[in-house]
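S.K.: here you go, sequence then predicted model.
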Amino acid sequence: MPRKLPSLNAVKTFEAAVRHGTTLAAAAELGVTHGAVSRQIQQLEEWIGRPLFRREGGRLIVTEAGAAYAAIAGTALDLLHDGTRELLEVSDHVVRVSTTSSFASEWLMPRLPAFHLRHSQIEIWLEEAKEIVTPRSGGCDLAIRMGAGPWPGVKVEPFMSDRLVPVCTPGIAAKLTCPDDLGLVPLLHDGDVLAQWSRWLREAGAEVSPAMARRFDKGPRFASSSLLLHAAAAGQGVALARERLAETWLVRGELVRPFAEAVDLGTAYWLVTRQTVEPRRPIHTFLTWLGEQAALPPARVESW
């Protein structure tokens, strides 16, 4: 069904007049005469078939219907402006990715050199954001998120699973022979609601009393998984970390797993794209590569 739309110039002129409150200011913004603004508004009112302004003593007073339509027009014009700017500024070979700082620094960035070797013509622009953004209207082509998912208004695909594992330096691990020994060392925490020490202890087969749960809930806290891992690598204690994010540290040997027990988080990461638009070829290429990386098992690192 074809769209039934008024003149874009008329809508722009009307929205500017409502926003500024005067036709003179609207004329100055648009670089036209005061008379041209009045004619565009009149044409829009004739097209719609109802008044958008009241004329009182030479002044224009926006009607209730006019104010509502101006709000809709402003939103539509902002979206058109942002989309046009992105089209002009961003090359067809650029993929803008929004994700959390922890996922970017601990999982994605160590793997990006391998992607660039295979696809040197594609540029990956990384942007940090904690909240879910709508691709394109939010300024990105793809969002990678941790969480329960899914989210409305976007296309969401499960990406990668993960597990919770304790990690610490080799020096601290040497002092630990069983999970009960964790009460002898500082336990590190981040803001992940799923990463509770009492949960891991239960999965490890320990009987967790309320008093034990409170005791294991104490300790330094960090705002992100990345800060948590850095604190553990600095020898501040034992962290309960996402295995995928800790993988690079484990492979380098800076962190080790003092115990083999792990808690499966199921689908922990999601790919968020536009709901109704087929991704451009560079986006599709990057999504395919991400899928290949996610399918690889975590590097085999023996527990301590």
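M.R.: Everything's here; your move.
S.K.: for I124, give its distance to R163.
M.R.: With distances taken as CB to CB, to the nearest Å, I124 is found 27 Å from R163. The way it works is simple: take the backbone N, C-alpha and C, and place the C-beta from them, glycine included.
S.K.: likewise P152?
M.R.: In this structure, P152 and R163 are separated by 28 Å, where distance is defined by CB to CB.
S.K.: which residue of these two possesses the greater neighbour count?
M.R.: Applying other CB atoms under 10 Å to P152 and R163 shows that R163 carries more neighbours, namely 19 against 7.
S.K.: and that one, which of the three is it?
M.R.: When states are read from DSSP: H, G, I helix; E, B strand; the rest coil, the local structure at R163 comes out as strand.
S.K.: who are the contact partners of it?
M.R.: R163 makes contact with R242, E243, A262, V263, D264, L265 under the criterion CB atoms under 8 Å, 6 or more residues apart in numbering.
S.K.: what's the closest non-adjacent residue to it?
M.R.: By the measure of CB to CB, 6 or more residues apart in numbering, the closest residue to R163 outside its immediate chain neighbours is A262, 4.1 Å from it.
S.K.: the one you found and R244 touch, don't they?
M.R.: No - between A262 and R244 there is no contact, the gap being 11.5 Å when judged by CB atoms under 8 Å.
S.K.: tell me the average confidence for the helix ranked longest in the chain?
M.R.: Longest helix in the chain, counting residues (DSSP state H): helix 64-89. Averaged over helix 64-89, pLDDT sits at 80.
S.K.: list the buried residues in that helix.
M.R.: G66, Y69, A70, A73, E86 (16 or more other CB atoms under 10 Å).
S.K.: and stretch 246-265, by the same measure?
M.R.: Under the neighbour-count rule (16+ other CB under 10 Å), stretch 246-265 has 246-250, 254-259, 261-263, 265 buried.
S.K.: among the residues you listed, which are in strands?
M.R.: Among the buried residues of stretch 246-265, the ones falling in strands (DSSP state E) are V263, L265.
S.K.: out of the buried residues of stretch 246-265, who's nearest L60?
M.R.: Within the buried residues of stretch 246-265, distances to L60 taken as CB to CB reach their minimum at L265, with 58.9 Å.
S.K.: against A241, how distant is that closest one?
M.R.: In this structure, L265 and A241 are 11 Å apart, going by CB to CB.
S.K.: okay, and the common contacts of those two?
M.R.: Contact with both L265 and A241 is made by residues L164, according to CB under 8 Å, 6+ apart.
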